[in-house]
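Q: quick check, what structure comes out for this input:
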Amino acid sequence: MTEREIPLERKLKILADAAKYDVACTSSGSSRRGKKGHLGNTVSAGICHTFSSDGRCVSLLKILFSNDCVFDCKYCPSRAANEKERATFTPEEICRLVVEFYRRNYIEGLFLSSAVVKSPAYTMERMYEAIYMLRNKYHFNGYIHVKAIPGAPDDIIYALGFLVDRMSVNLELPTAEGLKRLAPNKKPKNLIRPIQQIQRGIQTQRVALGKDSRMERAKGNQYLSNSIFNEKNTSFVEDKSVFSIMEDAQKSVKKNDNVNRRQNDAAFFKETRLERDIGSNIDTENSMSVATNSSIENSLNSNIGRRGRENAAMSDNTSQMGNGMSGGVESKITLPSHFLQTTGKREGAQFVPAGQSTQMIIGASGESDFHLLSLTQRLYQQYDLKRVFYSAYVPLNDDPELPAIGTAPPLLREHRLYQADWLLRYYGFQADELLSSDRPNFNTFIDPKCDWALRHLEYFPVEINQASYEQLLRVPGIGNKSAGRIVRARRQAALDFEDIKKMGVVLKRAVYFITCRGKMKYHTPIEEDFITRQLIGTNQKDNWKIEHPTTYRQLSLFDDFNLT
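A: Numbers count the residues shown, from 1 in each chain. Below you'll find the model as predicted:
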């Protein structure tokens, strides 16, 4: 059956199920309110407030445009070699689904990703058409997050950036060696290029609006001298293997920037070229004028229109597509004439206002937590990403390069990486403080802050009534809010353990690392082995719940671990 012959309900079942392995779909950072005559907004209850049992947002309609992929990534359930039912939405079908689900109050937004259908350029064009129709024909004003397809033409990604709230490009694997082994069709330079382009577009937009070029971060970071977002903290861990996927790609992009721009889609640039490419001129221009925006749009429209009119044959050569090329041929898609009049940029629209994110797979290859966390830090610092997501690999494909089918996904490891990511973004930690090449993985039985504290007992115990805000944040059991409350409250009177407990401090972890008025709550030896045993016993139930997220059981009078 063709894509139009498959019933819409069946397509939805196939493509919603295929999208569940993509976790990068939170919607924080966008605050567009409702408008008269339009559907949806990005601030109503439901967005970023409802999550499934495994932590994924359920207020978005999360679907793939298609699972009919020409790539053969070994870890992916949609790989070309798998014998499975394939389906592809039409742009009109996506619009109908979003509008109908929204009107029934099931969703507040859309998360749209896709397998690579025919070529990256073809896939990105079809996704652009769907989002354009949703914004301009159906006047949907809600949150939209779209995955950019690596290897797609720069200007389609640029045009799409004015229609969506967030874009993301999945790195999937953190090293070039891992990509070569498990995703031979994907090249590092094709993954990094759209990340760079989106970052530069966001920077240009922000500077033009009179804002700082870098996105806003939590206000508490201004009080943390060691925060990764402070300008002075720009040094990275010197381990080339950690960043090989980025450094190799950057060298390639920088060396062949002009050549690759033509090769990505030779026919696309044959007659008319962008008067100004947002990805290459950001270093010499601090802002983009309205006139320049217009010239980009005019050039973009003429190019898209010409591609639609020529209707050249589409090549299915996956090796060429893996190199970020469309084989020198053009897309079959013919956009309706009203698409050619504008890029679809709405009045007052900003370029990817909620920022960009990425996702890395955990457990499919042999990278350590130190590799992953160091790359995460560099992505935040160098590309100003809003979020980095981690996805525990669920073995679905039988391949000798992958964990065997039936192997439990590393959910607890994924959880520890999220906790460590939080420490980077909000607590003033850096990757090389939490881990090192000598100790490259977290102790999964305890959280990363406890793990760090146990390896640095020389800093403890700290006195609650005298420690700085930055010192308090490094105490296990004390978070941003409770640290702020402590600093404010102790101006009035000295605090004791009961006081800080009321302020939100988790004493079952904090008691081993703090004193109040010069005294510890219990007589506790400051020894790594002793405190580790106590913390593991405290965390045992929580760890079990993380490793068994789909386990349902009847309430019992007895503890799972026979603990009193």
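Q: what bits of the stretch 1-150 of the chain have low per-residue confidence?
A: 1-4, 23-58 (pLDDT under 70).
Q: at 80 what do you get?
A: 1-5, 19-59 (pLDDT under 80).
Q: could you pull out the helices for it?
A: Under the criterion DSSP state H, counting those that start in this stretch, helices of the stretch 1-150 of the chain are mapped to 8-18, 91-103, 120-136.
Q: lowest confidence element among the helices and strands of the chain?
A: Across the helices and strands of the chain, mean pLDDT, DSSP states H and E gives its lowest value to helix 318-322, namely a mean of 35.
Q: which one of the helices of the stretch 1-150 of the chain has the most crowded surroundings?
A: helix 120-136 (a mean of 24; mean count of other Cβ atoms under 10 Å). Using the backbone N, CA and C atoms, a C-beta is placed for each residue, glycine as well.
Q: same for that helix, what does it pack against?
A: helix 91-103, strand 109-113, strand 143-147, helix 154-161 (3 or more Cβ pairs under 8 Å, 6 or more residues apart in numbering; DSSP states H and E).
Q: before we move on, the earlier item: right, and the helix or strand after the least confident helix or strand of the chain?
A: strand 356-362 (DSSP states H and E).
Q: which ones are touching residue 462?
A: Residue 462 makes contact with 471, 472, 475, 513, 514, 515 under the criterion Cβ atoms under 8 Å, 6 or more residues apart in numbering.
Q: where does pLDDT dip in the protein?
A: 1-5, 19-59, 231-348, 538-564.
Q: domains of it?
A: 8-392, 453-564 (automatic domain parsing).
Q: now distance to residue 178 too, for the helices and strands packed on helix 120-136, in a markdown table please.
A: Listed next are these as a markdown table, based on distance: least, Cβ to Cβ, whole Å:
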| stretch | distance to residue 178 |
| --- | --- |
| helix 91-103 | 32 |
| strand 109-113 | 21 |
| strand 143-147 | 20 |
| helix 154-161 | 25 |
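Q: so for residue 17, which of those sits nearest?
A: With Cβ to Cβ, the closest approach to residue 17 among the helices and strands packed on helix 120-136 belongs to strand 109-113: 13.0 Å.
Q: among the contacts of residue 462, which one sits closest to residue 78?
A: residue 475 (45.0 Å).
Q: what helix or strand is the closest one on?
A: Using DSSP H and E, residue 475 maps to neither a helix nor a strand.
Q: for residue 481, same thing?
A: Residue 481 is part of helix 480-489 when elements are defined by DSSP H and E.
Q: which other helices and strands contact that helix?
A: By 3+ Cβ pairs under 8 Å, 6+ apart, helix 480-489 packs against helix 469-473, helix 497-502.
Q: residues making contact with it?
A: With Cβ under 8 Å, 6+ apart as the criterion, helix 480-489 contacts 218, 220, 426-427, 464, 469, 472-473, 478, 495, 499-500, 503-505.
Q: which of these ranks first by neighbour count?
A: residue 478 (29 neighbours; other Cβ atoms under 10 Å).
Q: that residue reaches residue 510, doesn't it?
A: Yes - in this structure residue 478 lies within contact range of residue 510 using Cβ atoms under 8 Å: 5.9 Å.
Q: burial measure for residue 212, as a count.
A: Residue 212, neighbours per other Cβ under 10 Å, totals 9.
Q: skip the chain neighbours and tell me the closest residue to it.
A: The spatial neighbour of residue 212 that comes closest, neighbours along the chain excluded (Cβ to Cβ, 6 or more residues apart in numbering), is residue 206 at 6.7 Å.
Q: by how many degrees do the host helix or strand of that neighbour and strand 356-362 diverge?
A: Residue 206 belongs to helix 188-208 when elements are defined using DSSP H and E. For helix 188-208 against strand 356-362, the angle by axes from the mean of the first three to the mean of the last three Cα atoms, to 10 degrees is 150 degrees.
Q: show me what helix 188-208 is packed up against.
A: So helix 188-208, by 3+ Cβ pairs under 8 Å, 6+ apart, packs with helix 154-161, helix 176-182, helix 240-255, strand 356-362, helix 369-383.
Q: if we can go back for a sec, quick one, which of the helices and strands packed on helix 120-136 gets closest to residue 394.
A: strand 109-113 (16.7 Å).
Q: strands paired with the closest one, and their directions?
A: Applying DSSP bridges, strand 109-113 is found paired with strand 60-64 (parallel), strand 143-147 (parallel).
Q: send me the first one as CSV with only the CA atoms.
A: Extracted as CSV, the C-alpha positions of strand 60-64 are listed here (Å, rounded to 0.1, in the frame of the first residue of the first chain):
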residue,chain,number,x,y,z
LEU,A,60,2.9,16.8,23.2
LEU,A,61,1.7,14.8,20.2
LYS,A,62,5.0,12.9,19.6
ILE,A,63,5.2,11.3,16.2
LEU,A,64,7.5,10.5,13.4
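Q: count the neighbours of the closest residue in space to residue 383 that isn't next to it in sequence for me.
A: Leaving aside its chain neighbours, residue 383 sits nearest to residue 199 (4.9 Å; criterion: Cβ to Cβ, 6+ apart). Using other Cβ under 10 Å, residue 199 is surrounded by 22 other residues.
Q: and the one 3 residues further on, by the same measure?
A: Around residue 202 there are 25 other residues, counting by other Cβ under 10 Å.
Q: just the one 3 residues further on next, same as before
A: Look at residue 205: counted by other Cβ under 10 Å, it has 22 neighbours.
Q: isn't it right next to residue 349, touching?
A: No - with contact defined as Cβ under 8 Å, residue 205 does not reach residue 349; the gap is 9.6 Å.
Q: how near is residue 470 to residue 17?
A: Distance of residue 470 to residue 17, given as Cβ to Cβ, to the nearest Å: 46 Å.
Q: same question, residue 528
A: Counting by Cβ to Cβ - residue 528 and residue 17 are separated by 46 Å.
Q: check residue 435 too.
A: From residue 435 to residue 17 the distance is 35 Å (Cβ to Cβ).
Q: kindly report the same for residue 460.
A: 48 Å.
Q: same check on residue 381?
A: 36 Å.
Q: same question for residue 477.
A: 40 Å.
Q: ditto for residue 524
A: Taken as Cβ to Cβ, the span from residue 524 to residue 17 is 50 Å.
Q: can you give the contact residues for whichever strand or helix holds residue 424?
A: Per DSSP H and E, residue 424 falls inside helix 411-426. Contact partners of helix 411-426, identified using Cβ under 8 Å, 6+ apart, comprise 54, 217-218, 220-221, 228-229, 362-363, 369, 372-373, 376-377, 380, 388, 390-392, 429-431, 434, 442, 444, 447-449, 480, 543, 546-547, 549.
Q: phi, psi of residue 389?
A: phi -110, psi 150 (degrees, to the nearest 10).
Q: quickly note the distance from the residue nearest to residue 170 when sequence neighbours are not counted to residue 151.
A: Sequence neighbours aside, residue 359 is the residue nearest to residue 170 in space, at 4.6 Å (criterion: Cβ to Cβ, 6+ apart). Noted for residue 359: a distance of 17 Å to residue 151, by Cβ to Cβ.
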